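A.B. asks: kindly generate the corresponding structure for this input.
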Amino acid sequence: MRFTKITFIAVVLISLLVNPGVSYGAATAYKNEAVNGVNLRYVTVDMSNDGIRPVILNAQNKITETEPLAAMAQKVEAAAAINGTYFEAYEGVPIPWGTIIKEGKVIHISQSGAVVGITAAGKLLVDRLTFDFAGYINGQYRAIPWRINHPSAEDDAITIFTPEYGATVTLAPGAKAAIIGKNGLVTQIATADFDVPGGGFAIAYNPAVAYLVGERYKVGDHVTYDVTINTTFTSAKDWQDVTVALGAGPSLIINGVITAEGQKEGFVEDKINSLSTARSFIGATAEGKIIIGNMASATISKAAEVCQSLGLVNAMCLDGGGSTALYYPANKVSYAGRNVNNGLAFLQANVANQLYAKPSASKVYVNGSSVDFTAYNINGNNYFKLRDLAWALKGSGKQFDVGWDQASNSIILYSNQAYNTMDGESPAQPGQSSQGAVPAKKTSSKILAADKAIAFDAYNINGNNFFKLRDIAELFDFELAWDAAAGAIRIDTAKSYRR
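C.D. replies: Next up, the predicted model:
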């Protein structure tokens with residue numbers, strides 16, 4: 001199935017917005033006990049709590065570093081955290097070996113092991129996944145990348161690097177790379193070490209295939225790539241909504257069935273497949289509660305038995321041995337071995353003081369054409385990114401432009417003017433957000449139209465202003481209708497607004 005077309009045309013860098021007054025409450029609970037003869041310490045996370053949000057932790061916010069789990073967790077004021085996927089812990093650059101999906105974006109893959117993912121709705125999935133990449137130059141299929149953010153010494157490797165890599169990319173002698181800016185356009189052909197541009201990416205070709213760069217890429221070309229996820233046991237559709245994921249393994253239970261066979265997932269080491277050793281694990285109950293924890297010592301068959309006793313219907317091992325770690329500040333738990341490359345944390349805001357916006361799944365048609373908007377639902381109303389709306393209506397009879405006056409902290413709306421894109425924007429359709437619930441706050445800026453202040457409900461989400469669609473429709477006088485049969489919102493700029 002097609003997981004997502006990652007165009008990197010207008011990427012918003014998303015920071016972890018955390019309410020400084022964190023309250024842990026009943027959404028999480030810690031236990032230290034023996035289950036079936038195995039000593040456990042584990043945290044139960046109630047995903048039905050609207051204040052809970054899972055996030056991926058990267059050491060030093062890079063792919064290439066290590067850090068204590070507790071240090072990573074404390075930076076985002078996590079309510080709980082656990083170590084993540086395998087990584088190079090013994091020699092060379094400490095890069096991960098397993099899959100990582102962060103904020104809905106694939107930033108690393110593995111073609112073996114198992115993957116645990118959590119959807120925007122808080123549903124936990126476990127499956128044996130494989131990944132395919134396809135690169136496009138000016139809309140034509142022209143590249144077959146091997147991996148993402150994982151340097152390779154193989155002479156014919158083709159690798160995608162994104163800003164999440166976080167370090168200078170080292171090119172081997174004779175290698176080349178196409179550097180793509182945040183507008184999706186090739187900015188240069190690199191023959192030496194380079195840094196990935198913010199909001200962009202690069203495709204690096206090792207020496208044996210470097211000649212393809214000169215044949216296929218030139219400055220100004222538009223480049224995109226697809227990531228396709230192939231599933232084994234789970235619904236392909238479910239993975240479209242995954243916001244965070246970690247690949248490790250072996251899997252222990254999938255859909256209620258024990259699957260603890262490391263060899264079937266490509267594992268060859270006895271310490272993983274047969275020996276009794278320290279293991280970290282993650283899983284979910286039939287009711288949807290997620291449990292993260294450490295086992296002092298267990299074989300994978302014993303680990304699966306323990307997880308069943310905990311009521312888990314999906315479960316998987318994370319990195320173990322010296323990487324085993326767990327963080328739970330409410331009980332002053334901070335267990336860790338070595339520094340680790342990555343982890344999984346759960347943030348819990350004080351719901352009484354923090355408003356959350358959830359991604360809107362509504363289809364939208366503008367003058368009959370489908371448009372993918374970044375949209376959120378807040379208290380039952382759909383809110384759209386203001387600039388996406390201006391972009392979508394450009395060239396119509398109800399087009400408008402968006403301005404900003406920093407001195408007066410004012411957003412200015414200009415009717416009957418074509419939208420002028422900001423630096424880094426591209427004339428492609430704006431992309432639908434795939435994140436889970438995110439913090440939202442009332443926009444503090446004034447809103448002006450025709451030199452008059454307007455009392456609109458508007459919210460700032462991840463640094464962008466979102467407006468109620470109906471308010472914009474009334475202001476610029478275009479029809480807004482709900483098509484129940486299609487389950488879609490329809491915008492018609494040839495018709496006037498109707499209450």
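A.B. asks: please tell me how far the closest residue to D241 other than its chain neighbours sits from N339.
C.D. replies: Closest residue to D241 apart from its sequence neighbours, by CB to CB, 6 or more residues apart in numbering: T119 at 4.3 Å. C-beta: built from backbone N, CA, C; applies to glycine. From T119 across to N339, the span is 30 Å (CB to CB, to the nearest Å).
A.B. asks: repeat that for S152.
C.D. replies: Per CB to CB, S152 is found 24 Å from N339.
A.B. asks: could you list the low-pLDDT ranges of this structure?
C.D. replies: 1-26, 349-354, 361, 422-437 (pLDDT under 70).
A.B. asks: could you list the buried residues of stretch 127-139?
C.D. replies: 127-129, 131, 133-137 (16 or more other CB atoms under 10 Å).
A.B. asks: chain neighbours aside, what residue packs nearest to E474?
C.D. replies: In space, E474 is closest to Y497, 5.0 Å off (CB to CB, 6+ apart).
A.B. asks: contacting residues for that neighbour?
C.D. replies: 473-474, 477-480 (CB atoms under 8 Å, 6 or more residues apart in numbering).
A.B. asks: would you mind checking these for buried ones?
C.D. replies: Looks like the contacts of Y497 have 473-474, 478, 480 buried, using 16+ other CB under 10 Å.
A.B. asks: circling back to that earlier point, so for S152 and N339, which residue has more residues nearby?
C.D. replies: Neighbours of S152 and N339, each counted by other CB atoms under 10 Å, are more numerous for N339; the result is 18 against 14.
A.B. asks: contacting residues for that one?
C.D. replies: 59, 66-68.
A.B. asks: equivalent analysis for L57, please.
C.D. replies: 69, 72-73, 76, 78, 81, 84, 342-345.
A.B. asks: among those residues, which are in strands?
C.D. replies: Residues from the contacts of L57 lying in strands, with DSSP state E as the criterion: 81, 342-345.
A.B. asks: tell me the one among the contacts of N339 nearest to R490.
C.D. replies: Here the nearest of the contacts of N339 to R490, counting by CB to CB, is A59; it sits at 46.8 Å.
A.B. asks: the closest one: neighbour count?
C.D. replies: A59 has 23 neighbours, counted by other CB under 10 Å.
A.B. asks: ok so, going back, now, which of the contacts of L57 sits nearest V313?
C.D. replies: So of the contacts of L57, ranked by how close each gets to V313 (CB to CB), first place is L344, at 19.0 Å.
A.B. asks: so that closest one is in contact with I56, correct?
C.D. replies: Yes: L344 is in contact with I56 according to CB atoms under 8 Å; the separation is 6.4 Å.
A.B. asks: anything in contact with each of these two?
C.D. replies: 84, 244, 246.
A.B. asks: any idea how far the first one is from V268?
C.D. replies: In other words, G84. Taken as CB to CB, the span from G84 to V268 is 21 Å.
A.B. asks: which one's more surrounded, the two?
C.D. replies: Applying other CB under 10 Å to G84 and V268 shows that G84 carries more neighbours, namely 31 against 9.
A.B. asks: quickly find the element holding K237.
C.D. replies: If you go by DSSP states H and E, K237 is part of helix 236-239.
A.B. asks: what residues sit buried inside that helix?
C.D. replies: Those would be 238-239, for helix 236-239 by 16+ other CB under 10 Å.
A.B. asks: CA atoms of it as PDB?
C.D. replies: Extracted C-alpha coordinates of helix 236-239, given in PDB (Å, rounded to 0.1, in the frame of the first residue of the first chain):
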ATOM      1  CA  ALA A 236      -2.500  -1.600   5.300                       C
ATOM      2  CA  LYS A 237      -5.100   1.200   5.800                       C
ATOM      3  CA  ASP A 238      -4.300   1.400   9.500                       C
ATOM      4  CA  TRP A 239      -0.600   2.200   8.800                       C
END
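A.B. asks: tell me how far that helix lies from the chain's centre.
C.D. replies: Offset of helix 236-239 from its chain centre (CA atoms, centre = their mean, to the nearest Å): 15 Å.
A.B. asks: ok, residues contacting whichever helix or strand comes after that helix?
C.D. replies: Sequence-wise, the next helix or strand downstream of helix 236-239 (DSSP H and E) is strand 242-248. Outside strand 242-248, the residues within contact range by CB under 8 Å, 6+ apart are 54-56, 84-86, 98-104, 109-110, 113-120, 125, 129, 282, 316-319, 342, 344, 434-436.
A.B. asks: in ChimeraX, how would I select the buried members of those residues?
C.D. replies: Here is the ChimeraX command that selects the buried residues among the contacts of strand 242-248 (16+ other CB under 10 Å):
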select :54,55,56,84,85,86,98,99,100,101,102,103,104,109,110,113,114,115,116,117,118,119,120,125,129,282,316,317,318,319,342,344,434,435,436
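A.B. asks: mind checking which of the contacts of strand 242-248 land in strands?
C.D. replies: Using DSSP E, the members of these that fall within strands are 54-56, 100-102, 114-119, 125, 282, 316-317, 342, 344.
A.B. asks: can you pull the domain assignment for the protein?
C.D. replies: 2-129+231-348, 133-227, 355-492 (automatic domain parsing).
A.B. asks: from those, which stretch is densest packed?
C.D. replies: Mean neighbour count (mean count of other CB atoms under 10 Å) peaks for domain 2-129+231-348 among these, with a mean of 20.
A.B. asks: now A304: which helix or strand?
C.D. replies: Using DSSP H and E, A304 falls in helix 300-309.
A.B. asks: ugh, wrong one, G403
C.D. replies: strand 400-405.
A.B. asks: which neighbouring elements make contact with the helix or strand following that strand?
C.D. replies: Downstream of strand 400-405, the next assigned helix or strand under DSSP H and E is strand 410-415. Judged by 3 or more CB pairs under 8 Å, 6 or more residues apart in numbering; DSSP states H and E, the packing partners of strand 410-415 are strand 400-405, strand 446-449, helix 469-476.
A.B. asks: cutoff 6 Å now
C.D. replies: Packing partners of strand 410-415 (3 or more CB pairs under 6 Å, 6 or more residues apart in numbering; DSSP states H and E): strand 400-405, strand 446-449.
A.B. asks: possible to save those as CSV with distance to S309?
C.D. replies: What follows is those, written out as CSV (distance: least, CB to CB, whole Å):
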stretch, distance to S309
strand 400-405, 57
strand 446-449, 56
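A.B. asks: which one of the ones you listed lies closest to T324?
C.D. replies: Closest approach to T324 among the helices and strands packed on strand 410-415 (CB to CB): strand 400-405, 49.0 Å.
A.B. asks: contacts for that closest one, please.
C.D. replies: If you take CB atoms under 6 Å, 6 or more residues apart in numbering as the criterion, strand 400-405 is touched by 386-387, 390, 412-415, 417, 419-420, 476.
A.B. asks: repeat the analysis, applying 10 Å as the threshold.
C.D. replies: For strand 400-405, contacts defined as CB atoms under 10 Å, 6 or more residues apart in numbering pick out 386-387, 389-391, 393-394, 410-420, 422, 445-446, 448-449, 465, 472, 475-476.
A.B. asks: cool, thanks, signing off.
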